[in-house]
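# Make a model of this:
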Amino acid sequence: MGSDWSTLTGCLVMLIAERLLAHDVTDYIRFRAVCSPWRQHTEDPRVDDGLCPKYLPKSWIMLEETPPAAAPFRNRFLNTNTGDVITVDVPELEDHDVMGPTLGGLLTLRERGVHVLRLLNPFTRNLTELPSLITMIHPASHDPKMVEPEYHQPTAIGLSDGGHKAVAVFCNLVNKVAVAKPGDSHWKWIYVPHLHLESAASLGGYFYTVSHIYICQLHSDGARREPKLVPVAYVPVDAPLFRLTLVADDEREKLMLMKEIFYMHAGEEVPPEGPDTLTMPRICVAYAVDMAARTIMLSRLGGRALFMGDDRVVWACPRAFSPAVAADTVYGGRPNRLFTVHACGIEADGPLKVVLHTHCLASGLTRHVEFESDDGEDLNPMGIVETVSSYVASDRGGQARPTMYLASHARRGRGA
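This next block holds a predicted model:
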């Protein structure tokens, strides 16, 4: 055989590829890129419209950094399992906005102007075409949110209906769940104001939502029928003020429910304007969701760490970032930034401020800190905890909230 690696037998090529894929999909992609014979003996990761679960870059996140002026679409991606960093050009950002949630590491992009959704694999360059968010608006509604496509931005996205390769989205600002298949012309959606949904997640090809009463599974027969939510478990209600986040644990094939329980110290009174859940102290309770209609409380996260925000959830391996990232700990990050609303747009009042609450499930220790996000070019100018917390807490320069929303929640500027 000599030094001609292209002459490796097909069986050996497939064995090597299988082991590389078990480590990380980017290793598999690099292996296939070496030569044509190796590509011929291995499967193209772009199969199934780029939605085949084993080829999704699940552990990779695109860091919240300002690209260099000479390469405005160059971004760095961090593997939260290994700590590896890859630099990738994403030219699609010239006319697309990045939405908050990802589908197994695929970037959720919204084309400016027409609001078409696309899923981008930054490592294979595959684009999965989904319908425009405009097809989800109410044709006749007195509520301005229902006729504005900007309010219909996904806060969760994932696969649905098993092997049908349907994609579902949850739009928190309008309380809608929608489903479509790649190439469809429109979304099939359901409006569920009576459930007051809080979050959603996808596991094993099925899409789940949570309200203060039920955890529900989405059924749509692969986007062929009108979607409906079917209760599969009850939510434990044992506190007056709490927030719920559904989390998919793909590694252990478990659906989890995270509950942040807010409390006030003895003697404190509730402010006239109501409690400020952004800065209130809290404890975090983790549950495994048993599809036999129950939830089971957990005291650990399998030795891993969980970062969660309003529309992003990230698992991290503490061994890759020791000792900064603690095992069995929940890091809850939320944005705290004012915006000035002008007639021609919005302007952020200063850098992103992140409110970070940490809770170690094993020891019960909690911590609350606030910091300004630094989007410089160094990987860890703030430390890895702050870097990943800034990712899950990102308001994407105001893109996470429509202008009308900001107009009622922010400081007004001249010309507004």
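# Are there helices or strands packed against the longest helix belonging to the chain, and which ones?
Using DSSP state H, we find that the single longest helix of the chain is helix 10-23. The helices and strands touching helix 10-23, judged by 3 or more C-beta pairs under 8 Å, 6 or more residues apart in numbering; DSSP states H and E, are helix 25-32, helix 36-40. Backbone N, C-alpha and C define where each C-beta goes, glycine included.
# Specify the angle between the longest one and helix 10-23 in degrees.
Counting by axes from the mean of the first three to the mean of the last three C-alpha atoms, to 10 degrees, helix 25-32 points 150 degrees away from the direction of helix 10-23.
# which stretches of this structure have low pLDDT?
Low-confidence segments of the chain, defined by pLDDT under 70, span residues 1-7, 140-142, 144, 293, 341-346, 374-382, 397-416.
# how about 80 then?
1-10, 138-147, 163-164, 291-294, 337-350, 373-382, 396-416 (pLDDT under 80).
# Can you get me the start-to-end distance on stretch 223-242?
Between the opening and closing residues of stretch 223-242 there is a gap of 33 Å (C-alpha to C-alpha, to the nearest Å).
# Which positions in it come out as buried?
Going by neighbour count (16 or more other C-beta atoms under 10 Å), the buried part of stretch 223-242 is 223, 227, 229, 232-233, 235, 242.
# hmm, back to that, please state the offset of the longest helix of the chain from the chain centre?
30 Å (C-alpha atoms, centre = their mean, to the nearest Å).
# Would you mark the buried spots in it?
Along helix 10-23, these residues count as buried under the neighbour rule (16+ other C-beta under 10 Å): 13, 16-17, 20-21.
# which one of the residues you listed is nearest Thr329?
Sorting the buried residues of helix 10-23 by distance to Thr329 puts Leu21 at the head of the list, at 29.5 Å, by C-beta to C-beta.
# residue contacts, that closest one?
27-28, 54-55 (C-beta atoms under 8 Å, 6 or more residues apart in numbering).
# looking at the helices and strands packed on helix 10-23, which is buried most?
When you average the neighbours per residue for each of those (mean count of other C-beta atoms under 10 Å), helix 25-32 leads with a mean of 19.
# Quickly name whichever of the contacts of Leu21 is closest to Asp349.
Distance to Asp349, by C-beta to C-beta, is smallest for Tyr55 among the contacts of Leu21, at 41.7 Å.
# Distance check, the closest one against Arg125.
13 Å (C-beta to C-beta, to the nearest Å).
# Repeat that for Thr277.
Spatial separation of Thr277 from Arg125 under the definition C-beta to C-beta is 40 Å.
# Repeat that for Ile157.
Separation of Ile157 from Arg125 (C-beta to C-beta): 20 Å.
# Those two: who's more crowded?
Using other C-beta atoms under 10 Å as the criterion, Ile157 and Arg125 rank with Ile157 on top: 28 against 14.
# residues in contact with the more buried one?
Taking C-beta under 8 Å, 6+ apart, we find Ile157 in contact with 99, 101-103, 108, 167-170, 202.
# Could you say which helix or strand holds it?
Ile157 belongs to strand 156-160 when elements are defined using DSSP states H and E.
# go on, Thr128?
With DSSP H and E as the criterion, the answer for Thr128 is strand 127-132.
# Which one of the buried residues of helix 10-23 is nearest to Arg74?
Comparing those against Arg74 with C-beta to C-beta picks out Leu20 as the nearest, at 25.5 Å.
# mind checking how far the closest residue to the closest one other than its chain neighbours is from Tyr55?
When the adjacent residues along the chain are set aside, Leu20 lies closest to Asp27, with 4.1 Å between them (C-beta to C-beta, 6 or more residues apart in numbering). Note on Asp27: its distance to Tyr55, by C-beta to C-beta, is 12 Å.
# what about the closest residue to Ile16 other than its chain neighbours, distance to Val88?
Using C-beta to C-beta, 6+ apart and skipping the chain neighbours, the partner closest in space to Ile16 is Phe31 (6.8 Å). Shown here: Phe31 relative to Val88, a distance of 18 Å by C-beta to C-beta.
# can you list the contacts of Ile157 in TSV and add secondary structure?
Converted to TSV, the contacts of Ile157 look like this (DSSP: H, G, I helix; E, B strand; the rest coil):
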residue	secondary structure
Met99	strand
Pro101	strand
Thr102	strand
Leu103	strand
Thr108	strand
Val167	strand
Ala168	strand
Val169	strand
Phe170	strand
Ser202	strand
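# which ones are touching Arg367?
For Arg367, the contact set (C-beta under 8 Å, 6+ apart) comprises 357-359.
# Give me the subset of these lying in strands.
Secondary structure defined by DSSP state E assigns 357-359 of the contacts of Arg367 to strands.
# By neighbour count, which of those wins?
Counting neighbours by other C-beta under 10 Å, His359 comes out on top of the ones in strands among the contacts of Arg367 with 24 neighbours.
# so that one touches Leu365, yeah?
Yes: counting by C-beta atoms under 8 Å, a contact exists between His359 and Leu365, whose distance comes to 7.4 Å.
# Where does Pro72 sit: helix, strand or coil?
Pro72 carries the three-state label coil when classified by three-state DSSP.
# Could you check how far it is from Pro351?
Counting by C-beta to C-beta, the gap between Pro72 and Pro351 amounts to 20 Å.
# Could you do His186 as well?
Distance check for His186 against Pro351: by C-beta to C-beta, it reads 39 Å.
# Show me the protein divided up by domain.
In terms of domains, the chain is parsed into 1-43, 44-264+281-412 (source: automatic domain parsing).
# Out of these, which one sits most buried?
When those are scored by mean count of other C-beta under 10 Å, the highest mean neighbour count falls to domain 44-264+281-412 (a mean of 18).
# Look up how far Glu347 lies from the closest residue to Asn172 other than its chain neighbours.
Here the nearest residue to Asn172 in space, its sequence neighbours aside, is Thr155; by C-beta to C-beta, 6+ apart that works out to 4.0 Å. Separation of Thr155 from Glu347 (C-beta to C-beta): 24 Å.
# go on, Thr295?
When C-beta to C-beta is the yardstick, Thr295 and Glu347 sit 43 Å from each other.
# one step back: I'd like the helices and strands packed on helix 10-23 as a markdown table, with distance to His196 appended.
Formatted as a markdown table, those follow (distance: least, C-beta to C-beta, whole Å):
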| stretch | distance to His196 |
| --- | --- |
| helix 25-32 | 37 |
| helix 36-40 | 49 |
